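Undergrad: sequence and computational prediction follow.
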Amino acid sequence: MYRKISVQWWRFWMAGEGLSVKTGRALLLCALTGLIAGLAASGFYWLLESARYYLMEGLAHYTPPLAAGETAIYPTVHHTERLRWVLLVLPALGAMAGALLVKFFAPSAGGHGTDAAINAYHRNEGRIPFAVIPVKAVASALVIGSGGSAGCEGPVTQIGAGCGSALASLLKLDAAERRVLMAAGLAAGVGAIFRAPLAGAIFAAEIFYSGLDIEYEILMPSLVASTVAYTVFALFFGWHPLFVMPDYTFADPRKLLPYLFLALVVALGAKFYILVFRQFESASRTWRVPTWVKPGIGGLLTGLIGFFLPQVLGSGYGIIQQTLVVDSPLAERFGGLSLAMLLLIFFGKVFATAFTVASGGSGGVFGPALVSGAALGAATGLALTRLFPGLELHPGAFALVGMAGFLAASVRVPIAAIIMVSEITGNHNLLLPSMWVCGVSYWLSNGWTIYRSQVRTRDCSPAHMRGG
């Protein structure tokens, strides 16, 4: 009875002249979406940390490095020796467990969730089955927590979008309104998990298109939802940025030339990332094995890399933290990385992510793009520092700007990338080189994208073709 009255009341409120979920009082629906998505993101983070603690730390005795702002839910256990042979098989076991969960309970929850959310927006009127929310959360926690090379963004994007879609279905909203709430939920999930509410909102407006176009009508609802979700998440896990770094600044126009070289490097690196991912994705489709076995094969290949290079396992945000303090006094606190190790991490992360996610494992590709861009940026900065010591370049600054440029080139979200790296580090002094590198790398990438479901512009979207 209460549910029926609540639904009727909301629909009555929505029926006013000129009102929709895009404007006016109906923005409160987006706040409610943000509240639900923020709670869901918090629950997912707890699941992820629990899986990481009991699987990687408990079984393999490997404690992956954490970012300064990652809240440790469980006490850190210092093991004298990691069990490398467990690390070899653990990602395969976690991937198969997640794949079986997806197969039997929510088949659309497999793979990298952002692409599924984009597809639902364009081609399915914003509908995401409710079962996707819990299944995606548990399956992704199993994959990432067991060492699979994947990011939190894909799962939390689909989880948040699913929250918005479920709310719209509960209130019996039309297709256009459902898509707005779905996108607002997407923004809320990203803004919460990365502690970057503004970037989350802009990400939701940009992510649906590979060309220079945005969903401007969802920007304000996304801002509301992302703000609420971030607030909810921060109440549980703190208000601090995800990473810390020295207070680097930009005050020398001569440095634009080295940053131009960085833009070229990350554009090529992003194309390599996309190419490896797509090639392995195509190859895995030809394997004549059950679908739930494919992620296990990919997980075994990931474990093989992790056996020799454990830095590529899991989300890798601790590695980003280390790149941001390369060649600075903070390196003593978080651990230093050499030029050779940075290059190994870049190539290892690219292949491990392809093996984990392109084979059907549940996880994101946005997070690994951050790790790859940071490693490649820091490596470029270290190399240029040795070649041109008089310019006083900072490899940590190149890591931050490299992250932004790599995202712009591979994910096609240049504006969100610029803002995100500023929010997740708390450093707003490198906006100018970030803009420079993002603009150039986006242009050089020539439309390549990691997300198959993106369309070039609004005119190419089936949703807008139908007038929805």
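TA: Great, that's in hand. Residues are numbered from 1 along each chain as shown.
Undergrad: list the helices and strands the helix or strand containing A41 packs on?
TA: Using DSSP states H and E, A41 sits within helix 27-51. For helix 27-51, the packing partners by 3 or more C-beta pairs under 8 Å, 6 or more residues apart in numbering; DSSP states H and E come out as helix 132-145, helix 153-170, helix 175-193, helix 219-237. Just so you know, the C-beta spots here come from the backbone N, C-alpha and C atoms, and that holds for glycine as well.
Undergrad: count residues in the vicinity of P329, would you?
TA: By other C-beta atoms under 10 Å, the residues close to P329 number 8.
Undergrad: please apply the same query to D174.
TA: Using other C-beta under 10 Å: D174 sits among 14 other residues.
Undergrad: need the phi and psi values for it.
TA: When read as degrees, to the nearest 10, the backbone of D174 gives phi -80, psi 180.
Undergrad: if we can go back for a sec, now the helix holding A41: buried residues?
TA: Residues of helix 27-51 classed as buried: 27, 29-49, 51 (neighbour count, 16 or more other C-beta atoms under 10 Å).
Undergrad: just to revisit the earlier point, need the winner for burial among the helices and strands packed on helix 27-51.
TA: Mean neighbours per residue, mean count of other C-beta atoms under 10 Å, is largest over the helices and strands packed on helix 27-51 for helix 175-193, with a mean of 32.
Undergrad: pretty sure Y317 contacts E70?
TA: Yes: in this structure Y317 lies within contact range of E70 using C-beta atoms under 8 Å: 6.3 Å.
Undergrad: between the two, which one's more packed in?
TA: Higher neighbour count among Y317 and E70: Y317, with 24 against 19, using other C-beta under 10 Å.
Undergrad: how about the nearest residue to that one once chain neighbours are set aside, phi and psi?
TA: Nearest non-adjacent residue to Y317, counting by C-beta to C-beta, 6 or more residues apart in numbering: A67, 4.4 Å away. With angles defined as degrees, to the nearest 10, A67 sits at phi -70, psi 160.
Undergrad: just the pLDDT at A67, thanks.
TA: A67 is assigned 92 on the pLDDT scale.
Undergrad: again with the one 5 residues further on
TA: At A72 the predicted local confidence, pLDDT, stands at 81.
Undergrad: ok, how many other residues are close to it?
TA: Using other C-beta under 10 Å as the criterion, A72 is surrounded by 11 other residues.
Undergrad: how about the contacts made by the spatially most central residue of the chain?
TA: What sits nearest the mean C-alpha location of the chain, by C-alpha atoms, centre = their mean, is E153, with 2.9 Å. E153 makes contact with 114, 190, 193-194, 364, 366-367, according to C-beta atoms under 8 Å, 6 or more residues apart in numbering.
Undergrad: can you list the weak-confidence ranges in the protein?
TA: 1-26, 332, 466-468 (pLDDT under 70).
Undergrad: tell me what the helix or strand harbouring F347 is packed against?
TA: For F347, the host element (DSSP H and E) is helix 339-357. Identification of packing neighbours for helix 339-357 by 3+ C-beta pairs under 8 Å, 6+ apart yields helix 256-285, helix 294-308, helix 317-324, helix 366-387.
Undergrad: of all those helices, which one is nearest S410?
TA: Proximity to S410, assessed across these by C-beta to C-beta, is greatest for helix 256-285 (3.9 Å).
Undergrad: centre of the chain versus that closest one, how much separation?
TA: Distance of helix 256-285 from the chain centroid (C-alpha atoms, centre = their mean, to the nearest Å) equals 17 Å.
Undergrad: so for it, what gets flagged as buried?
TA: Those would be 258-259, 262-263, 265-267, 269-274, 276-277, 280-281, 284, for helix 256-285 by 16+ other C-beta under 10 Å.
Undergrad: equivalent analysis for stretch 57-76, please.
TA: 57, 59-70.
Undergrad: domain map for this protein?
TA: Residue ranges for the domains of the chain, per automatic domain parsing: 30-66+80-239, 253-444.
Undergrad: nearest to D459, of those domains?
TA: Using C-beta to C-beta, the nearest of the domains of the chain to D459 is domain 30-66+80-239, at 8.3 Å.
Undergrad: distance from the chain centre to the closest one, please.
TA: Centroid separation between domain 30-66+80-239 and its chain, computed with C-alpha atoms, centre = their mean, is 8 Å.
Undergrad: now the end-to-end length of that domain.
TA: One end of domain 30-66+80-239 sits 22 Å from the other (C-alpha to C-alpha, to the nearest Å).
Undergrad: now swap in stretch 442-453 and tell me
TA: Start to finish, the residues bounding stretch 442-453 are 18 Å apart (C-alpha to C-alpha).
Undergrad: so which bits of that stretch are buried?
TA: Buried residues in stretch 442-453 (16+ other C-beta under 10 Å): 442, 444-445, 448-451, 453.
Undergrad: out of the residues you listed, which is nearest to E81?
TA: Taking C-beta to C-beta as the measure, E81 lies nearest I450 of the buried residues of stretch 442-453, at 36.7 Å.
Undergrad: quick one: residues contacting the closest one.
TA: Contacts of I450 (C-beta under 8 Å, 6+ apart): 273-274, 277, 365, 369, 410-411.
Undergrad: what of C152?
TA: For C152, the contact set (C-beta under 8 Å, 6+ apart) comprises 44-45, 48, 140, 144, 193, 315, 364, 367.
Undergrad: skipping adjacent residues, who's closest to A97 in space?
TA: Nearest non-adjacent residue to A97 (C-beta to C-beta, 6+ apart): L142, at 5.1 Å.
Undergrad: thought that neighbour was touching R52?
TA: No: contact criterion C-beta under 8 Å: L142 and R52 do not qualify, at 10.4 Å.
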